[in-house]
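Novice: sequence first, predicted coordinates after that:
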Amino acid sequence: MGARTRGWSTASTATPGPLFAYTIFIMTLTRSGGFVALVTAGLLSVSPLTRAQDLLGRWFTTTPGLSNSTATATADLPVLDEDPDADSPEDWGFGDLRSLPREAGGGFSLVPGAWSTTVESYCLYAGKPGPREGSGYLYSPRLTGTHAPIVTRLLERASQAPDVPQEDIQSLIWAILTHARYSSLPAGPRRAADALLTRTDIATIEANVKERASQAVIDRLLPRLPEPVQTLLTAEARLRDLLATGGSYADQVAAAVPDREPDPTPTDREVPAGRWTMHGSYLVRFLPETYQKTRVDIVLPEPTDVVRDARGRIIAWRGADGFAAEVDYDDEVAPLTIPGEPDLRGYAFRRVTARLRVDGRDETVTIEREGWTFAGRMTGNGELEAMAALEAEAAARAGGPSAGALRQGRGGASRYGDAAKRYKDAKRQMDKFKAPSQKDADSLADTGHYQKGIKAALGSSAEARSKWLENHFTRLARAAAYIACRLEGGCDPEAPGGKTFRPGGAATPGTNGSQLVGISVR
């Protein structure tokens, strides 16, 4: 067990449930003799530790009902994060997810392309604040914890009962999480249970009831606990009382989803809003507006081949659907060099060719002597200030040996800085999920460089304003996503069941002190 802080463990990869944390607290006190003091103070009337835990278990949840740890999430793709300095976000060309065929259970049968919709979502962890602007979420396709089977069924079946109000389903979820008595619930959540759950599920809810602790016990117990545990136990007890006494939905929300900043935890991860995660053959991201409404974006990318020249530089991306993004390099222009990056160079394009099949017709556009891309081995340790100074020097001169390359590589310092951050994030991710080869890491970096170079070159031409070329840009984005995803071990076109998005999972926050958001498809 890891180091202790205020009497409870900080080493777990999952956020501790309320009484789990308190149990460690009691064990620590027992080892130090403090438990005897609690007993003699009159808080508990028995001394054996097991009896104390049993009594506390009558009042509070003894294990985490649902896990909200990022350890349950699928692998994410930092290399696809939006460029904060871009003039506009990446254009994926989203279609309506709800226009796709549905399974009997409500899941969407995906076809290649980018798809988006907004769904009803649910608070799955009472006492934690809701989504905040800029907060990122990962995908946990399966809930884990003692309440997972019943809560999953509610999320899966919500779309099959459109007449059941979302608020009633949410109140029922809170009742399950807090072990409230089913027979004492208001009519709304009981109707939701009757419509969405089996009799066995309802019997299980009734059997898992927790007794209401007296206010005197709560007042004496809570001050002895760590502050985060106090917060969660208070929310649970408050919710259970509201559900038992018919409290308003607004009061339930105030108790379950407090309006405050999330508490930091040792297992927090930096996850920006819009982070893509991999699942099966596709990529998915969640953008919660509130705990009740979440936008779901999905990309099922078309397989794309990568072609390189003898120097290892990408010269083409090609797909079976007629898509291609091809370049010839202008090796008469001296490569752009980056101080601190001895094996990375910026190469100028002589020619860029874009191809796309539109309505059975092959469209092509070619741009001459525009754009450039980085290629080679990247470390992320380039000296940005020195690079910017070289750019400024070249811009001030009319000519010189490096001016041509730097004009081709205009904005190189800014583009390098963004690429370096993405490279380091992606490398850490690869280190976490597999042992990457240097070749894979270099290929991942090249993918982002090449996409940016192609877009910059084509965007400089009047021909780029044609509608089909706009479609080429969205196809280019999916090609980059496919290549990056395959390098990370995802997006296998043959993955069993990998082309269906089903309800019942969760959007898991990078900050474990934030709300776990359950995803339906309603």
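Specialist: In hand now; what should we look at? In this text, all values refer to a predicted model and were calculated from it rather than measured experimentally.

Novice: who are the neighbours in contact with the most centrally placed residue in the chain?
Specialist: In the chain, the centroid-proximal residue (Cα atoms, centre = their mean) is L138; its distance is 2.0 Å. By Cβ atoms under 8 Å, 6 or more residues apart in numbering, the contact list for L138 reads T70, A73, T74, D76, V271, R275, T277, A507, T508, P509, G510. C-beta coordinates here come from the backbone N, C-alpha and C atoms, glycine included.

Novice: the nearest residue to S281 once chain neighbours are set aside: neighbour count?
Specialist: Of all residues not flanking S281 in the chain, G498 sits nearest, at 3.6 Å (Cβ to Cβ, 6 or more residues apart in numbering). Using other Cβ atoms under 10 Å, G498 has 17 neighbouring residues.

Novice: pretty sure G498 contacts G490?
Specialist: No. Using Cβ atoms under 8 Å as the test, G498 is too far from G490 to be in contact (9.2 Å).

Novice: buried residues, stretch 513-522. List them.
Specialist: G513, S514, Q515, L516, V517, G518, I519, S520, V521, R522 (16 or more other Cβ atoms under 10 Å).

Novice: touching, the first one and D268? I think so.
Specialist: Meaning G513. Yes. Judged on Cβ under 8 Å, G513 makes contact with D268 at a distance of 7.4 Å.

Novice: so, low pLDDT: which residues of the stretch 351-500 of the chain?
Specialist: 384-441, 460-465 (pLDDT under 70).

Novice: mind running it again at 80?
Specialist: 379-442, 444-445, 459-467 (pLDDT under 80).

Novice: need the residues that contact stretch 357-366.
Specialist: 321-323, 351-356, 458, 461, 463-464, 466, 468-469, 471.

Novice: those residues, buried ones only, as a PyMOL selection?
Specialist: Buried residues among these (16+ other Cβ under 10 Å), as a PyMOL selection:
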select buried, resi 323+351+352+353+354+355+356+458+461+464+469+471
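
Novice: just the ones of the contacts of stretch 357-366 in strands?
Specialist: Within those, residues falling in strands by DSSP state E are R351, V352, T353, A354, R355, L356.

Novice: partners of the last one in the sheet?
Specialist: Right, the one you point to is L356. For L356, the beta-bridge partners are E363 (DSSP bridges).

Novice: which residues touch it?
Specialist: G322, F323, A324, D362, E363, W468, L469, N471, H472, R475 are the contacts of L356 under Cβ under 8 Å, 6+ apart.

Novice: kindly indicate which of those residues lies nearest D81.
Specialist: R475 (20.1 Å; Cβ to Cβ).

Novice: pull whichever helix or strand the closest one is part of out as PDB, backbone CA atoms only.
Specialist: Counting by DSSP states H and E, the secondary-structure element that holds R475 is helix 467-487. C-alpha atoms of helix 467-487 as PDB (Å, rounded to 0.1, in the frame of the first residue of the first chain):
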ATOM      1  CA  LYS A 467     -16.600  21.900 -52.800                       C
ATOM      2  CA  TRP A 468     -15.000  18.600 -53.700                       C
ATOM      3  CA  LEU A 469     -11.600  19.800 -52.300                       C
ATOM      4  CA  GLU A 470     -13.300  20.700 -49.100                       C
ATOM      5  CA  ASN A 471     -14.500  17.100 -49.000                       C
ATOM      6  CA  HIS A 472     -10.800  16.100 -49.700                       C
ATOM      7  CA  PHE A 473      -9.800  18.000 -46.500                       C
ATOM      8  CA  THR A 474     -12.200  16.000 -44.400                       C
ATOM      9  CA  ARG A 475     -11.000  12.800 -46.000                       C
ATOM     10  CA  LEU A 476      -7.500  13.900 -45.300                       C
ATOM     11  CA  ALA A 477      -8.300  14.300 -41.600                       C
ATOM     12  CA  ARG A 478      -9.800  10.700 -41.500                       C
ATOM     13  CA  ALA A 479      -6.700   9.400 -43.300                       C
ATOM     14  CA  ALA A 480      -4.500  11.000 -40.600                       C
ATOM     15  CA  ALA A 481      -6.700   9.600 -37.900                       C
ATOM     16  CA  TYR A 482      -6.600   6.100 -39.400                       C
ATOM     17  CA  ILE A 483      -2.800   6.100 -39.700                       C
ATOM     18  CA  ALA A 484      -2.200   7.400 -36.200                       C
ATOM     19  CA  CYS A 485      -4.800   5.000 -34.800                       C
ATOM     20  CA  ARG A 486      -3.200   2.000 -36.400                       C
ATOM     21  CA  LEU A 487       0.200   3.000 -35.200                       C
END
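
Novice: mind listing what the next helix or strand after it pairs with, with the direction of each?
Specialist: As assigned by DSSP H and E, the chain's next helix or strand after helix 467-487 is strand 500-501. Partners of strand 500-501 in the sheet, by DSSP bridges, are strand 108-109 (antiparallel).

Novice: remind me which residues of this protein are low pLDDT?
Specialist: The chain contains residues with pLDDT under 80 at 1-65, 67-69, 83-89, 210-222, 224-233, 338, 379-442, 444-445, 459-467.

Novice: if you set the cut-off to 50 instead, what comes out?
Specialist: 1-53, 62, 394-410, 430, 433-436 (pLDDT under 50).

Novice: quick one, domains of it?
Specialist: 4-59, 88-299+499-519, 302-487 (automatic domain parsing).

Novice: just put those in JSON lines and tack on distance to G65.
Specialist: Shown next, in JSON lines, are these (distance: least, Cβ to Cβ, whole Å):
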{"stretch": "domain 4-59", "distance to G65": "7"}
{"stretch": "domain 88-299+499-519", "distance to G65": "4"}
{"stretch": "domain 302-487", "distance to G65": "27"}
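
Novice: so which of those domains gets nearest L66?
Specialist: That would be domain 88-299+499-519 among these, by Cβ to Cβ, at 4.1 Å.

Novice: and the closest one, how far apart are its ends?
Specialist: 28 Å (Cα to Cα, to the nearest Å).

Novice: how far out from the middle of the chain is that domain?
Specialist: Mean-position distance between domain 88-299+499-519 and its chain equals 15 Å (Cα atoms, centre = their mean, to the nearest Å).
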